[in-house]
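Asks: Output the structure for:
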Amino acid sequence: METFISRERWGNKSWTAETKETFDLNGRTARLSITTSKNSSGDLSTYASIGFVNQPGIVTFAIFSDYFKVLEIGKKVRCTDKNVEAQQARAVARWAEIKQDVFEFYAQKELV
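Replies: Take a look at the predicted model:
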């Protein structure tokens, strides 16, 4: 698990942080990503999502079906590298809790 922080080269040139981990989930290869970036409202948002690795380099997800959760919205916060890094670190500190939530989410889906 490693966190990458980068800045957009075009457009709004805002900062983005992303942390990923790949693991087995119900017989499929899943990738949990936690991402912090500026959202369309101008707030700094952090969210967790799951995608499934179908082939090396190809990750797919189903909108409204696969796991997606907003973890934090930073109101009135500038999108600087320090703010992005700090908000991402707070979310990554909860990694085990988020991963457990993912397993519970898909266990519940299997029951239906």
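Asks: Contacts only, for the most centrally placed residue in the chain.
Replies: Central residue of the chain (C-alpha atoms, centre = their mean): Ile34, 2.3 Å from the mean position. Ile34 makes contact with Glu18, Thr19, Lys20, Thr46, Tyr47, Ala48, Leu71, Gln88, Ala91, Val92, Trp95, Ile98 under the criterion C-beta atoms under 8 Å, 6 or more residues apart in numbering. C-beta here means a position set from N, CA and C on the backbone, and glycine is covered the same way.
Asks: Looks like Phe23 contacts Ile50 (just checking).
Replies: No. Between Phe23 and Ile50 there is no contact under C-beta atoms under 8 Å: 10.1 Å.
Asks: more crowded one of those two?
Replies: Each of Phe23 and Ile50 has its neighbours counted (other C-beta atoms under 10 Å); Ile50 has more, 20 against 11.
Asks: Could you write me a PyMOL select line covering just the buried ones among the contacts of Ile34?
Replies: To isolate the buried members of the contacts of Ile34 in PyMOL, using 16 or more other C-beta atoms under 10 Å:
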select buried, resi 19+46+47+48+71+88+91+92+98
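Asks: Break down the protein into its strands, ranges please.
Replies: Along the chain, the stretches classed as strands by DSSP state E are 2-7, 15-25, 28-38, 44-55, 58-60, 68-74.
Asks: got a list of what Gly57 touches?
Replies: Applying C-beta under 8 Å, 6+ apart, we find Gly57 in contact with no residue.
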